[in-house]
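> Could you work out the structure for the sequence below:
(chains A and B)
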Amino acid sequence: MLFCHPSKLKSKGIMGMNQRNISYIGRYNPRSLYKLVDDKLKTKQIALKGEIAVPDLISVIGQQHEVADLTNRIRGFGGFCIKPAQGSGGKGILVITKVADGRFFKPSGSEVTLLEMERHVSNILAGLFSLGGKNDVAVIEALIQFDPVFEGYSFEGVPDIRLIVFKGYPVMGMLRLSTAASDGKANLHQGAVGVGIDIATGRALRAVQFDEPVTHHPDTNKELSKMQVPHWDRLMTLAAGCYEMSGLGYLGTDMVLDTERGPLLLELNARPGLAIQIANGEGLLPRLRQVEALPAHPVDVETRVARSKEWFGRDTQMV
Amino acid sequence: MASKKAFYFVIAVLLSIGIGSAVYRHTVDGIPLVPGTQTVNWTVEARVTFQAQGQPIEAALTLPEDPGFATLSESAASPGYGLTLARQDGARKAVWTKREAAGSQELYFTANLVQKNAAPLEEPNEPAPPEPVVWAEGVDTAAQTLVDLAWDRSAGNLSYAQQVATMIFDKEQGQNVELLLGHYQPAELMVQLMRAAAIPARVSHALMLEDGRRRQNLVSVVEVYDNGQWHLFDPATGQSGRPDNMLLWQRASASVLDITGATDSRVTFSIIKDTRPALATAVDMMTAKGLASFSLYSLPLEEQSLIRGLLLVPIGVLVVVFLRVIVGLKTSGTFMPVLIALAFIQTTLLTGLVGFLLIVAVGLYIRGYLSNLNLLLISRISAVVITVLGIITAFTLLAYNLGLTEGLTITFFPMIILAWTIERMSILWEEEGPKEVAVQGGGSLLVAVITYLCMVNPLVQHWVFNFLGVHLVILALVLMLGQYTGYRLLELRRFRPLAGDS
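Numbering: from 1, shown residues only, chains lettered A, B, ... in the order given. Below is the predicted model:
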């Protein structure tokens, strides 16, 4: 059977795209707050105000004439990341992990010339990657020194941790590991491995690639079930705090682990995808409804994290 | 979600206005539901002949007023006569007048009639009860016998009429009927027998329509009143009900033809049957009724064809909304497939597809070169636009010289759309590889083709132009789809591993 019966998905509490759009995004995310998360520069600014840790900002290029100044702005950095402030779906992100003798290299080892980098920035400015083709600015960020605990779990890319935060409660988590198939990107539809994470402990529950279960990383062959995300409590607190910071009720937080600084908020997403359900092997709806059933008075971050751990933790390990 | 009730109210209003107006257009204005429907069109010519006596002439011909037929057009030919159309004695009449005429005269009246669905002959005002019948000498007993017999055998006005009609036709009760028929015509006898039982009845004159008949005369039919309606009886056959192709020519008024100042007058009829598109007939009738200003047919042809194209857009939009919300197909650019499909309508599908792929392929190739030049995005896209224009011109020239006239139509593609498609595909290729280009481009083309196939459907084209209410229904559907929180079809596949766990 190519298709499954909708009642089966319903009984498992799997959320569909239409329901996400109408019942959660439409209802809990005020349109006026979108600009805070759709513009990564603004996200950074409110994160700094809310004392949420983010990767360091190297520079912002907002005008075409500044493009010529690119070399000066990135001078001295061994690695950096150029991204459109208003990009979506990871589009237009250029990561340089190695700079040697004025030559720039992507994580895959392929070289990027200065000319290509300048063109990339100028494309960003013209709005090629932004929603609706609006003019944009290019944000240059310091590279994350990613935590060696993930060594061997990710191929040519930084693993990131996605937590869905609903009304301030982290409800479901997933680790995204890039693979050769995903070309160093952490998007599941491109072939990245999604690892469902136990909300209580930060331990791996189950892993999928292309929607099918896997036990080992396809490139490094490391066993995924042994994985345990470090600094789990700090990650949970960081994610839960993004609710107050952004005001968005239904939110996707993307975080990374830096060796020195620990968990950093990479970006927020007002329309997080649904692949996290596949990675966890579980539907979002029961958890969302549990939070929806709560009476509406403010609860502090610590309580919320504790409640989330209690409600959504799972004893079962990856099978 | 306090506005849910208001929302459903709006939906209900849209649906009822939309469907209601479509039903109205069909039943009242006669717009056919299916394109290509034919209607039967009768051309009836009445020819009035008489011998003029050298005196002032006034000739009045009753004109047909049959609720079962609609008049498309009427005309009269009567050289030298003045003509007025007037109501006299409760009937519509054509009145020819002339100060002086002598010898044999001929007047013509032609009507174009369209048969409608057989409607009952309703009579809003109850006719006055008939006056008591005075029978001719010596037949009272026979008549009374018949009346009593029919009365006994009947349950109401209609069954009484049926009994009487059967008696007259079957010559049952032989002697009595024979006797009466010696004094009265069958139709007249039937009316008398009806009136004797205090049932309103009258003789009317009808024309049996048959293609190619000439010199036809009117036949008598009896109308019997019962319960707000007139019912027809044919005393010549005893049959009740209205035969097909019967046109009631003269009802209620005294006579079909009244002439003063002439002798030997006659009226005969010629009939021609014709079939024509029901739509054309409906439009002609609306024009005749002066309602055409409410319809798109009052526009000049050029605007009509423009609107015809534009009115397809809601269909395309509906298809795209359906394919995205219910099926879950991805397209590059929300409504680009609709624009491509509109272009396909101009080019036809195969030419359009080939042309589109050719232009995008060549464009991608040239865009590859442009990307080496390190241009600003705006000027790069502008360069692509100009290049696309060049490609289109080149292909058109090539096609013309090769004698492929289909090639000429690729000029209908919206150029900016093509340029943006090429640009986005090119970026997609660089960022995500050729596979994603094939997936997204293919998805867009698939949606465009499905949209195209819906939009070229003759039934769809007929409906969106002739039943404007359809657009309100589409609006309601789109609004309802915007509330759909169920799973998309493709999600049932995507999440299948989750369903199969237990």
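
> For B:Phe233, give me its contacts.
The contact partners of B:Phe233, by Cβ atoms under 8 Å, 6 or more residues apart in numbering or on different chains, come to B:Ala161, B:Gln162, B:Ala165, B:Met190, B:Val221, B:Val222, B:Glu223, B:Val224, B:Gln239, B:Ser240. Placement of C-beta: from N, CA and C, glycine included.

> Put together a markdown table for the residues you listed, with secondary structure, neighbour count and pLDDT on each row.
As requested, the contacts of B:Phe233 are exported to a markdown table (DSSP: H, G, I helix; E, B strand; the rest coil; neighbours: other Cβ atoms under 10 Å in any protein chain shown; pLDDT from 0 to 100):
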| residue | secondary structure | neighbour count | pLDDT |
| --- | --- | --- | --- |
| B:Ala161 | helix | 27 | 83 |
| B:Gln162 | helix | 20 | 83 |
| B:Ala165 | helix | 25 | 81 |
| B:Met190 | helix | 27 | 84 |
| B:Val221 | strand | 23 | 86 |
| B:Val222 | strand | 27 | 86 |
| B:Glu223 | strand | 23 | 86 |
| B:Val224 | strand | 24 | 86 |
| B:Gln239 | strand | 16 | 79 |
| B:Ser240 | strand | 17 | 81 |
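
> Would you mind confirming that B:Val147 makes contact with B:Leu193?
Yes - counting by Cβ atoms under 8 Å, B:Val147 does reach B:Leu193; the two are 6.1 Å apart.

> I'd like to know how far the nearest residue to B:Phe169 once chain neighbours are set aside sits from B:Trp135.
Using Cβ to Cβ, 6 or more residues apart in numbering or on different chains and skipping residues adjacent in sequence, the residue nearest B:Phe169 is B:Gly238, 3.0 Å away. B:Gly238 sits 22 Å away from B:Trp135, going by Cβ to Cβ, to the nearest Å.

> picking up where we left off before, next up, the contacts around the residue nearest to B:Phe169.
Counting by Cβ under 8 Å, 6+ apart, B:Gly238 has contacts B:Ala165, B:Thr166, B:Ile168, B:Phe169, B:Asp170.

> now swap in A:Cys4 and tell me
B:Leu492, B:Arg493, B:Phe495, B:Arg496, B:Ala499, B:Gly500.

> Most neighbours among those residues, please name it.
B:Phe495 (27 neighbours; other Cβ atoms under 10 Å in any protein chain shown).

> I'd assumed A:Leu9 was in contact with it.
Yes - B:Phe495 lies in contact with A:Leu9 (Cβ under 8 Å); the separation is 5.5 Å.

> I'd say A:His216 and A:Met227 touch.
No - between A:His216 and A:Met227 no contact is recorded; they are 11.1 Å apart, counting by Cβ under 8 Å.

> ok, how many other residues are close to the residue in chain B that chain A sits nearest to?
For chain B, the residue closest to chain A is B:Leu377, as judged by Cβ to the nearest Cβ, at 3.3 Å. Neighbours of B:Leu377 under the rule other Cβ under 10 Å: 18.

> next one: the one 4 residues further on
Each residue near B:Ile381 was counted by other Cβ under 10 Å, and the total is 21.
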